[in-house]
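Asks: can't give you the sequence, but here's the structure:
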């Protein structure tokens with residue numbers, strides 16, 4: 001899976017799901033909907049200046065899972081499986097469904113503070129949402 005960075009985003013994308021680091025998010029493209037998907041607020045960014053539509057911390061990996069993982073690449077496969085289990089809980093089903101619906105009508109941009117997008121919880125979430133869009 002390949003993710004966008006702030007400098008080379010597809011300007012023609014009208015809807016779907018994109019993943020960016022919050023530190024690299026540039027000006028909005030069209031009518032995009034920006035969601036911070038980290039449980040912790042990103043360092044160095046004030047809530048007043050953050051260009052987001054919502055903070056969906058309830059669908060981020062649990063604190064216990066996040067601490068266990070510690071962004072250790074050797075644990076990513078197991079982390080992904082555990083996080084997908086968390087995302088299958090009834091308590092977050094409505095939130096996931098709502099985000100899938102948003103992505104069908106406008107560009108949904110998932111924002112995260114993680115340095116390595118490809119081994120992040122946000123990447124796992126993006127994959128789950130993209131799969132759900134393809135299934136419905």
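Replies: Great, that's in hand. Source: prediction; values computed, not measured.

Asks: from here on, contacts and neighbour counts on C-alpha atoms
Replies: Will do.

Asks: In the protein, where is pLDDT below threshold?
Replies: Applying pLDDT under 70 to the chain picks out residues 1-14, 135-136.

Asks: just the helices in it please.
Replies: Assigned by DSSP state H, the chain shows helices spanning 63-69, 76-87, 90-103, 121-135.

Asks: now for those helices, which one comes closest to residue 39?
Replies: Nearest to residue 39 among the helices of the chain is helix 63-69 (7.7 Å), distances taken as C-alpha to C-alpha.

Asks: What is the closest one packed up against?
Replies: Applying 3 or more C-alpha pairs under 8 Å, 6 or more residues apart in numbering; DSSP states H and E, we find helix 63-69 packed against helix 76-87.

Asks: hmm, back to that, tabulate the helices of the chain (JSON lines), appending mean neighbour count and distance to residue 37.
Replies: Listed next are these as JSON lines, based on neighbours: other C-alpha atoms under 10 Å; distance: least, C-alpha to C-alpha, whole Å:
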{"stretch": "helix 63-69", "mean neighbour count": "13", "distance to residue 37": "13"}
{"stretch": "helix 76-87", "mean neighbour count": "16", "distance to residue 37": "13"}
{"stretch": "helix 90-103", "mean neighbour count": "15", "distance to residue 37": "11"}
{"stretch": "helix 121-135", "mean neighbour count": "18", "distance to residue 37": "7"}
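
Asks: I'd like those helices as a markdown table, with distance to residue 21 appended.
Replies: Output for these, formatted as a markdown table (distance: least, C-alpha to C-alpha, whole Å):
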| stretch | distance to residue 21 |
| --- | --- |
| helix 63-69 | 17 |
| helix 76-87 | 19 |
| helix 90-103 | 18 |
| helix 121-135 | 10 |
